[in-house]
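Trainee: Dropping a prediction and its sequence here:
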Amino acid sequence: MKAAIIGGGVIGGGWAARFLLNGWDVAIFDPDPQAERKIGEVLANARAALPQLSDTGLPTEGRLSFAGSVAEAVTGAAYIQESVSEQLALKHRVFAEIQAAAPDVPLGSSTSGFKPSELQQGAVTPGVIFVAHPFNPVYLLPLVEIVPSAADAQGFTDHVLELLRDIGMFPLQVRKEIDAHIGDRLLEALWREALWLVKDGIATTEEIDDVIRMSFGLRWAQMGLFETYRIAGGEAGMKHFMEQFGPALAWPWTKLMDVPEFTEELVELIADQSDAQSGHHTIRDLERIRDGNLVAFLRALKDRDWGAGKVFNDHDRRLAEQAKATKTTSAASEATKLVVLPSWIDYNGHMTESRYLFAGSQIVDAFLARIGAGLDYVAAGHSYYTAETHIRHLGEAKLGAHLTGTVQVLSHDEKRLHIWMRLTRDDDGTEVATIEQMLLHVDMAAGRTCAADTSVLKTLDEIANAQSDMPRPTAAGRHVGQGRDAA
Ligand SMILES: NC(=O)C1=CN([C@@H]2O[C@H](COP(=O)(O)OP(=O)(O)OC[C@H]3O[C@@H](n4cnc5c(N)ncnc54)[C@H](O)[C@@H]3O)[C@@H](O)[C@H]2O)C=CC1
Ligand SMILES: C[N+](C)(C)CC(=O)CC(=O)[O-]
């Protein structure tokens, strides 16, 4: 499926990464000559972070293309996400261009503040335009606020919600349109107070950040506001909490709706303090630090199947179901598909050696099922046991890599099965390992070898015949320590 991303800045780049890493093809249009470089850098960060949160393996990455026009980007797209700068007139112009080429395709806007009824003004097909407001980094944070206008059909909204869940997001349908939706209303209140605190010389930017990250920021990340305050009410609960702290809202703690004037002096003050606090890092470095911390938090929440962690587990479950649904086709073919998961990675940053053997078992199990010696056969009392294995480690496989395992039958008789497995990387076809194995057919109750069923042997004969013109691997039978030229 194809998604079109119109506007490839901070947010458009994040959307592109989320769709691509979830298997969608993505076409981007952005007139900025630097867009391709910037998106490449965001994508590199996303590729390093998102696969660390998948315990089933993400789908094969989609294809990325840069279009020369809006029309080219949106043609053939099943979903369009607009992420141009936050100016209503610009968004209207862009919607007109999009809908001249793709009038009926769902068109989400990343707008932080505009209402859908404002976005839809003058549109050719207003009903397909809605707010899909994400949070930065879009490829890691699950929330996307979906704000349809009152006129939108719920069936259409349901389709959009489902589509966004499929790329691992947590789409929250906002009940009524409102300026700045829900998340930014809350963030603006905090941002306003923080600006006052800096302007009035009460705190520096760093001190404010310390207050948040050493206290309530940690609470919010896992329980939000109301659940946290319920606990703060003690055994007496939420009512008691409100009675105790409600009156404080009327005390002069906050500047309420007053916004400090953005004078040059205030902007300089904040920019200087921010430079002193974080100027020794590049933006990409800061993004990597942020992503690493987010991945660590999210993994902890995943282990507890809680909050945002549960969204990642739900996504794993969805992907596992989809993989099961497509397995029927792969069982019939000779290839076994594998994805390198976070738990497979060692201190060298690549697939650890024990996982090569594990990959071999997966490939063999699929092969045995294919020749009729799968779990039903085992349940009836017979099985193939591994007698000897020789693994050659030929290439690296990194986190998230998609691998294909194939089997070549070297020889077989009634009791013995000698096979040669190849493990290759899907991205460039590199052979990462060969696994040579001798298996013996056993009567499990008797604990000794015996002849395999005739139907199994017949299928093995057919496969061996079909493979008869495959050259025997020169490294078959190679022993450890043998010189390279012997392979
Ligand atoms: N930066 C943030 O934290 C968040 C921003 N948003 C929203 O996302 C949208 C984009 O914001 P950012 O990515 O931060 O801005 P940005 O300035 O990083 O990116 C905007 C991009 O739009 C491109 N653009 C301008 N005119 C265009 C046109 N006619 N066609 C295609 N591309 C065009 C620009 O070249 C630029 O690359 C805004 O609506 C903003 O409110 C939403 C959530 C968070
Ligand atoms: C600053 N902002 C209003 C653009 C922020 C957002 O819209 C959401 C976010 O990622 O914080």
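Mentor: Alright, I've got the coordinates. Ligands and ions are numbered 1, 2, ... in the order given.

Trainee: Low-confidence stretches in the stretch 351-487 of the chain?
Mentor: 484-487 (pLDDT under 70).

Trainee: all strands of it, in order?
Mentor: Counting by DSSP state E, counting those that start in this stretch, the stretch 351-487 of the chain has strands at residues 382-393, 402-412, 416-425, 431-443, 448-449.

Trainee: and of the ones you listed, who's closest to ligand 1?
Mentor: Closest to ligand 1 of those is strand 402-412 (CB to the nearest ligand atom; 29.7 Å). Quick note: C-beta positions are derived from backbone N, CA and C, even for glycine.

Trainee: so how far is the closest one off the chain centroid?
Mentor: 30 Å (CA atoms, centre = their mean, to the nearest Å).

Trainee: So which residues make contact with it?
Mentor: Contact with strand 402-412 is made by 57, 60, 334-340, 359-360, 362-364, 366-367, 397, 417-427, 432, 436, 457, 460, 463-464, 467, 470, 472-473, 476, as judged by CB atoms under 8 Å, 6 or more residues apart in numbering.

Trainee: And the most centrally placed residue in the chain, how close does it get to D272?
Mentor: Of all residues in the chain, the one closest to the mean position by CA atoms, centre = their mean is L50, 4.6 Å from it. L50 is 35 Å from D272, where distance means CB to CB, to the nearest Å.

Trainee: Then F170?
Mentor: 37 Å.

Trainee: And for G429?
Mentor: Going from G429 to D272 by CB to CB gives 53 Å.

Trainee: ok, back up a step: among the strands of the stretch 351-487 of the chain, single out whichever gets nearest to I283.
Mentor: strand 402-412 (30.2 Å; CB to CB).

Trainee: how about low-confidence regions in this protein?
Mentor: 249-257, 326-334, 484-487.

Trainee: show me where the stretch 51-200 of the chain has helices.
Mentor: Per DSSP state H, counting those that start in this stretch, the stretch 51-200 of the chain carries helices over the ranges 70-74, 88-101, 116-119, 154-166, 183-199.

Trainee: ok, and does the last one reach over to ligand 1?
Mentor: I take that to be helix 183-199. No. Taking CB under 6 Å from any ligand atom as the criterion, helix 183-199 and ligand 1 are apart, separated by no less than 8.0 Å.

Trainee: Check stretch 17-32 too.
Mentor: Yes. Contact of stretch 17-32 with ligand 1 (CB under 6 Å from any ligand atom) involves F29, D30, P31, D32.

Trainee: near ligand 2, which residues of this protein?
Mentor: Close to ligand 2, as judged by CB under 6 Å from any ligand atom, the chain has residues S112, F135, N136, G183, D184, L187.

Trainee: So between F170 and D272, which is more surrounded?
Mentor: A direct count of neighbours by other CB atoms under 10 Å for F170 and D272 places F170 higher, at 19 against 13.

Trainee: Quickly note the distance from whichever residue of the stretch 351-487 of the chain sits closest to ligand 2 to ligand 1.
Mentor: Residue nearest to ligand 2 within the stretch 351-487 of the chain (CB to the nearest ligand atom): G400, separated by 24.7 Å. Distance from G400 to ligand 1, counting by CB to the nearest ligand atom, to the nearest Å: 25 Å.

Trainee: neighbours of the nearest residue to that residue once chain neighbours are set aside, just the number please.
Mentor: Closest residue in space to G400, ignoring its immediate chain neighbours: P51 at 3.2 Å, by CB to CB, 6 or more residues apart in numbering. Neighbourhood size, P51 [other CB under 10 Å]: 22.

Trainee: so who does P51 touch?
Mentor: L21, G57, L58, P342, L399, G400.

Trainee: do the same with D104
Mentor: T125, V128.

Trainee: What number of neighbouring residues does L64 come out with?
Mentor: The burial count for L64: 19, using other CB under 10 Å.

Trainee: got it, and T125?
Mentor: Neighbour tally, T125, other CB under 10 Å: 15.

Trainee: So which bits of the chain are right by ligand 1?
Mentor: 6-12, 29-32, 35, 83-86, 90, 94, 110-112, 133-134, 136.

Trainee: again, only this time at 8 Å
Mentor: Residues of the chain lying close to ligand 1 (CB under 8 Å from any ligand atom) are 6-14, 29-32, 35, 38, 70, 82-86, 90-91, 93-94, 97, 109-114, 133-136, 138, 184.

Trainee: thinking again about what came up before, dump the strands of the stretch 351-487 of the chain to CSV, plus mean neighbour count.
Mentor: Below are the strands of the stretch 351-487 of the chain laid out as CSV (neighbours: other CB atoms under 10 Å):
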stretch, mean neighbour count
strand 382-393, 16
strand 402-412, 19
strand 416-425, 21
strand 431-443, 20
strand 448-449, 12
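
Trainee: ok, and the closest non-adjacent residue to A35?
Mentor: G8 (4.4 Å).

Trainee: quick one, strands of the stretch 101-250 of the chain?
Mentor: With DSSP E, counting those that start in this stretch as the criterion, the stretch 101-250 of the chain has strands at 107-109, 129-134, 143-147, 170-173.

Trainee: Out of those strands, indicate the one that is most buried.
Mentor: Burial of those is given as mean neighbour count (mean count of other CB atoms under 10 Å); strand 107-109 ranks first at a mean of 28.

Trainee: other SSEs contacting it?
Mentor: The contact analysis (3 or more CB pairs under 8 Å, 6 or more residues apart in numbering; DSSP states H and E) places strand 107-109 against strand 79-82, helix 88-101, strand 129-134.

Trainee: could these be laid out in JSON lines, adding distance to Y347?
Mentor: Below are the helices and strands packed on strand 107-109 laid out as JSON lines (distance: least, CB to CB, whole Å):
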{"stretch": "strand 79-82", "distance to Y347": "38"}
{"stretch": "helix 88-101", "distance to Y347": "47"}
{"stretch": "strand 129-134", "distance to Y347": "34"}
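
Trainee: Would you mind giving the residues of the chain next to ligand 2 as TSV with neighbour count added?
Mentor: Shown next, in TSV, are the residues of the chain next to ligand 2 (neighbours: other CB under 10 Å):
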residue	neighbour count
S112	19
F135	17
N136	14
G183	17
D184	18
L187	13
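
Trainee: ok, of those, which one's closest to L43?
Mentor: N136 (14.8 Å).

Trainee: Got the phi and psi for that closest one?
Mentor: phi -80, psi 130 (degrees, to the nearest 10).

Trainee: ok, it touching V10?
Mentor: Yes. Here N136 reaches V10: they are 6.2 Å apart, a contact under CB atoms under 8 Å.

Trainee: And the host helix or strand of A17, what does it pack against?
Mentor: Taking DSSP states H and E as the criterion, A17 maps to helix 10-21. Under the contact criterion of 3+ CB pairs under 8 Å, 6+ apart, helix 10-21 touches strand 2-6, strand 25-29, helix 35-49, strand 79-82, strand 129-134.
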